[in-house]
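> Sequence plus the predicted model coming up.
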Amino acid sequence: MVFTKSKSVYLFLIILSSLLVSTAIFAVDKRELPSAQKTNFQPRDISSQNEVNEFFKPSRWGTDDTIATGPVYGGISTDYDTAGNLYAVRCTTWDSKGVLSKAIVYRSTNNGTSWFPFCSFGPFGVTFSYPVILTGSIGDRLYLFVRTDQDNGDIFVVRFNAQTGGFETSQNVAPGAEDTISYFTACTNMGRGDTLVVVYQKDRTSGTPYLYSTMSTDYGVHWSTPQMQSSDGEHPDIAYGQAGNVYLTYHKTIKDDIAFLRGKTYETGPWDYVQYLTTDSTSCHDDFPKIAALHTLPADTTTVWVAYNHDEAPPSKVMNTDLRFAYSTNSGVDWTKDQVIANDPSASEMSADLEVYRSSTNKYVDLCYLKYSGVVKSGSDIYYTWANATHPEQFYSPHQIINEHWANCSPDGRENCQLTYPIPDDYPGIVYAGFPLKKDDGKNLDFGGWDLYYDFHDWTDVEEETAEEKLSAEFSLSNNYPNPFNPETKIGYFIPKACQVKLEIFNILGQRVRTLLDEVQTTGKKEVTWDGRDEKGNEVASGVYFYKLEAEGFIQTKKMVLIR
C-alpha cells in the first residue's frame with residue numbers, strides 16, 4: 001500500500017484525491033498517517049535504524065539531471081510558474097581568476113528533464129552573490145535579485161520577460177556605500193507578482209548588524225525608503241502568506257537567538273509579533289533560519305514553520321550541528337519552540353530550504369537539508385522530509401537521501417540547495433550544487449568545479465502491478481511526449497514478441513477514460529497517439545492522467561498531464 005502526498009498542484013490541475021478508491025490500483029495519501037498511527041507517531045532520528053512498516057513505501061527519487069556544468073560561485077536559487085516552467089539561477093565565475101561573475105538563469109519546460117540558458121545578468125566588473133529568482137504565480141515576469149560587491153554591497157533587481165527572457169528593467173534597491181550589505185532575502189506576493197519585498201543585512205564597522213526592509217508595489221520599478229526592522233539581526237529569511245502577511249526570521253547576534261517578525265507590507269500597518277523562537281540561547285548557537293508559511297485561509301490561522309541550525313557547543317567544533325524547528329498555528333502569534341528534526345551525533349545537519357507550494361488549499365511544508373559526516377572532503381548528503389498543518393510537530397520519518405552526486409557543504413544551505421515544484425509531481429524537485437564525481441566513485445573531493453543538478457520525486461498513484469517474477473526487461477513503456485501536452489501526446493513502447501497488448505488511460509480517480517488499443521501485435525517498437533478524448537470522443541478536462549500497458553504479464557503505468 002502506498003501513501004501519496006495530497007498537495008494541490010496548479011489551479012488548473014485536479015486536486016489529488018485522498019480517498020481510497022480502488023485497492024487494486026490506487027491507495028490512500030502517502031503523506032497522511034492512518035488515524036490509528038497518528039497518536040503514537042513520533043519523529044525519529046535519521047541516524048537510527050528506522051523500521052519501515054506497510055504504511056511507508058520509500059520515496060523514489062530519480063536520476064539527477066545536469067542543469068549546467070562548471071563553477072557555482074556565490075549561490076543558487078529556484079522558482080516555478082503556473083505555465084509549468086522551472087527556473088534555476090547560479091552565480092558563476094566569468095574568467096579563470098574568478099574576479100568577475102554573472103548570474104545565469106536556466107529554464108526547463110519539461111519538468112526538469114532538460115534545461116537551457118534562458119537569460120543572464122553581467123558581467124560588469126563586479127562579483128555577484130546570493131541570487132534570488134522570483135516569478136509570482138502568473139509567470140509573465142521574471143525577477144532576478146543579486147548582491148554585488150560594488151559600494152560594499154548593493155542589491156540589484158533585474159526584471160525579464162518570462163516569455164522571451166528579454167531584459168525589461170533593473171533597479172538598485174539599496175544604493176550607497178554606507179549600506180555595506182552582506183546578506184539579503186526577497187519574496188513576492190502569491191498572485192500577480194506586482195509586490196516585492198526585500199530584507200537586507202547592513203553591517204557596521206562596530207556594533208551589531210542592522211536589518212532593513214524595502215518594497216515595491218509596481219513590479220519592481222520603484223522602491224520605498226528603507227525601513228529599519230531590527231537593530232540586531234543577520235541572515236534573514238522571508239516568506240509571504242495570505243492577506244498581506246509577510247513572515248520574517250533572522251539571527252540575533254547578542255542573544256544568539258532566532259527571532260521572528262510578521263509584517264503587513266502588502267497592505268498597511270507595522271511589522272509586529274516579535275518573538276524569540278529558541279529558549280537556550282545562553283549556552284547554544286542557533287543560526288541560518290529558514291521560514292515557510294502556508295497560504296491557507298483564514299489568514300490568522302496560518303501554520304508557519306522556522307527551521308534552523310543548532311549547536312550544543314561552540315560552533316568552532318566539527319560535526320556538532322543539529323537541525324531544529326519552531327512552529328506556529330496562528331500566523332506567528334504563539335510558537336512551539338525547540339523541536340528536533342535531526343540530531344545525528346556523528347554528523348552535522350544544516351538547513352538548506354523550507355518551502356510550501358503556492359496554493360490556498362495546500363497544507364504541507366517541504367524541507368531539504370545537508371548532512372555532513374566528514375567521510376568525504378567537502379561532500380554532503382541532501383535529505384528531504386515534510387510536515388503538514390494537521391501535525392506540524394511531526395516531520396515525516398524516515399528522511400530520504402536524494403542526491404547521486406556529493407553536494408557542497410555549507411552552514412548556510414541556501415547557497416547550495418533549493419526546492420522547486422514541477423508539474424505534475426506534487427512532491428518538490430531539488431536543485432543543488434554538487435561535484436562531477438558520483439558518490440560511489442570512492443574518490444576524495446576538492447573544492448571548486450561544482451556543477452548544478454536537479455532531482456525530483458518519481459511517484460505514481462497507480463500501482464505497477466507487475467508480478468513478483470517480472471518478465472524480461474525487453475518489455476518497456478516509454479515516457480509520453482510531449483508532457484505536459486495539448487491537444488495530443490505520443491506513447492511509445494517495445495514488444496519483444498507477438499502477443500496481446502492493451503494500452504489504457506485512467507483519470508486520477510482510477511476510472512478508465514479510454515482504451516487506446518487491445519489487440520495482438522507483432523514484435524517491435526510501437527507508438528500510439530492519444531488525442532485527449534474519452535471513449536465517446538469528448539475532450540477530457542485538464543489534469544493528471546495515467547497510461548497503463550499490459551502485455552504477456554508485463555504491466556507498467558506512467559503519469560502524464562493534459563493542459564487545456
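Alright, I've got the coordinates.
> helix/strand/coil for Asp300?
helix (DSSP: H, G, I helix; E, B strand; the rest coil).
> oh sorry, the question was meant for Arg414
Secondary structure state of Arg414, per three-state DSSP, is helix.
> Residue ranges in the stretch 151-300 of the chain under the pLDDT threshold?
Low-confidence segments of the stretch 151-300 of the chain, defined by pLDDT under 70: 176-179, 191-192, 265-269, 280-282.
> Show the contacting residues for Gln305.
If you look again at residue 305, you'll see it is Trp, not Gln. Ile291, Ala292, Ala293, Phe325, Ala326, Tyr327, Leu354, Val365, Ala387, Pro392 (C-beta atoms under 8 Å, 6 or more residues apart in numbering). (Glycine included, C-beta is placed from N, CA and C.)
> how about the residues you listed in JSON lines, adding secondary structure and neighbour count?
Compiled in JSON lines, the contacts of Trp305 are given as follows (DSSP: H, G, I helix; E, B strand; the rest coil; neighbours: other C-beta atoms under 10 Å):
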{"residue": "Ile291", "secondary structure": "strand", "neighbour count": "28"}
{"residue": "Ala292", "secondary structure": "strand", "neighbour count": "23"}
{"residue": "Ala293", "secondary structure": "strand", "neighbour count": "26"}
{"residue": "Phe325", "secondary structure": "strand", "neighbour count": "28"}
{"residue": "Ala326", "secondary structure": "strand", "neighbour count": "25"}
{"residue": "Tyr327", "secondary structure": "strand", "neighbour count": "21"}
{"residue": "Leu354", "secondary structure": "strand", "neighbour count": "26"}
{"residue": "Val365", "secondary structure": "strand", "neighbour count": "26"}
{"residue": "Ala387", "secondary structure": "strand", "neighbour count": "25"}
{"residue": "Pro392", "secondary structure": "coil", "neighbour count": "21"}
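> of the residues you listed, closest to Thr135?
Nearest to Thr135 among those: Ala292, at 17.1 Å, using C-beta to C-beta.
> Please tell me how far that closest one sits from Lys558.
Distance check for Ala292 against Lys558: by C-beta to C-beta, to the nearest Å, it reads 31 Å.
> what does Ala307 give?
34 Å.
> leaving aside the residues next to it on the chain, what's closest to Gly84?
Closest residue in space to Gly84, ignoring its immediate chain neighbours: Ile423 at 4.6 Å, by C-beta to C-beta, 6 or more residues apart in numbering.
> With His222 instead?
Spatial nearest neighbour of His222, excluding adjacent residues (C-beta to C-beta, 6+ apart): Ser216 at 6.0 Å.
> Compare Ala307 and Lys558 and say which is more crowded by neighbours.
Ala307 (33 against 19; other C-beta atoms under 10 Å).
> Make JSON lines from the contacts of Trp305 and add distance to Gly543 to it.
Converted to JSON lines, the contacts of Trp305 look like this (distance: C-beta to C-beta, whole Å):
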{"residue": "Ile291", "distance to Gly543": "32"}
{"residue": "Ala292", "distance to Gly543": "27"}
{"residue": "Ala293", "distance to Gly543": "28"}
{"residue": "Phe325", "distance to Gly543": "34"}
{"residue": "Ala326", "distance to Gly543": "37"}
{"residue": "Tyr327", "distance to Gly543": "32"}
{"residue": "Leu354", "distance to Gly543": "29"}
{"residue": "Val365", "distance to Gly543": "25"}
{"residue": "Ala387", "distance to Gly543": "27"}
{"residue": "Pro392", "distance to Gly543": "29"}
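> With respect to Ile67, which of those residues is nearest?
The nearest member of the contacts of Trp305 to Ile67, counting by C-beta to C-beta, is Leu354 at 21.5 Å.
> where's that closest one relative to Ile291, distance?
Taking C-beta to C-beta, one finds Leu354 at 6 Å from Ile291.
> Contact partners for the most centrally placed residue in the chain?
By C-alpha atoms, centre = their mean, the chain has its centre lying nearest to Leu419, at 1.7 Å. Counting by C-beta under 8 Å, 6+ apart, Leu419 makes contact with Thr78, Asp353, Leu354, Glu355, Asp366, Cys368, Pro428, Gly429, Ile430, Val431.
> And the pLDDT at it?
Note on Leu419: pLDDT of 95.
> Neighbouring strands - and their directions - for the helix or strand hosting it?
Assessed by DSSP states H and E, Leu419 sits inside strand 417-420. Its sheet considered, strand 417-420 pairs with strand 429-438 (antiparallel) by DSSP bridges.
> Would you mind pulling up the elements that whatever helix or strand comes next after the strand it pairs with packs against?
Using DSSP H and E, the helix or strand that follows strand 429-438 in sequence is strand 451-456. Judged by 3 or more C-beta pairs under 8 Å, 6 or more residues apart in numbering; DSSP states H and E, strand 451-456 is in contact with strand 65-68, strand 86-93, strand 429-438.
> Relative to the whole chain's centre, how far out is whichever helix or strand comes after strand 451-456?
Next in sequence after strand 451-456, counting helices and strands by DSSP H and E, comes strand 476-477. Relative to the chain's own centre, strand 476-477 is displaced by 30 Å; criterion: C-alpha atoms, centre = their mean, to the nearest Å.
> avg pLDDT for strand 476-477?
Averaging pLDDT along strand 476-477 gives 84.
> can you check stretch 503-521 too?
In this model, stretch 503-521 has a mean pLDDT of 90.
> What of stretch 397-415?
Across stretch 397-415, pLDDT averages out at 87.
> ok, now stretch 325-343?
Here the average pLDDT along stretch 325-343 is 93.
> first to last residue in it, what's the distance?
Taking C-alpha to C-alpha, to the nearest Å, stretch 325-343 runs 12 Å from one end to the other.
> So in terms of bridging, what pairs with the nearest residue to Asp272 once chain neighbours are set aside?
In space, and not counting its chain neighbours, Asp272 is closest to Arg262: 5.8 Å by C-beta to C-beta, 6+ apart. Beta-bridge partners for Arg262, by DSSP bridges, are Tyr247, Asp272.
> quick one: contacts for Arg262?
Asn245, Val246, Tyr247, Leu248, Trp271, Asp272, Tyr273, Ser331, Gly332.
> any chance of those residues in JSON lines, plus neighbour count and distance to Thr63?
As requested, the contacts of Arg262 are exported to JSON lines (neighbours: other C-beta atoms under 10 Å; distance: C-beta to C-beta, whole Å):
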{"residue": "Asn245", "neighbour count": "23", "distance to Thr63": "39"}
{"residue": "Val246", "neighbour count": "23", "distance to Thr63": "37"}
{"residue": "Tyr247", "neighbour count": "25", "distance to Thr63": "35"}
{"residue": "Leu248", "neighbour count": "27", "distance to Thr63": "37"}
{"residue": "Trp271", "neighbour count": "16", "distance to Thr63": "44"}
{"residue": "Asp272", "neighbour count": "11", "distance to Thr63": "47"}
{"residue": "Tyr273", "neighbour count": "17", "distance to Thr63": "44"}
{"residue": "Ser331", "neighbour count": "22", "distance to Thr63": "40"}
{"residue": "Gly332", "neighbour count": "28", "distance to Thr63": "39"}
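> where along the stretch 301-450 of the chain do the strands fall?
Taking DSSP state E, counting those that start in this stretch to define them, one finds strands in the stretch 301-450 of the chain at 304-311, 321-328, 336-342, 348-355, 364-372, 379-388, 400-401, 405-408, 417-420, 429-438.
> Output the ones you listed in TSV, with distance to Phe485 appended to each entry.
TSV is the format used below for those (distance: least, C-beta to C-beta, whole Å):
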stretch	distance to Phe485
strand 304-311	36
strand 321-328	39
strand 336-342	39
strand 348-355	27
strand 364-372	27
strand 379-388	28
strand 400-401	29
strand 405-408	31
strand 417-420	21
strand 429-438	20
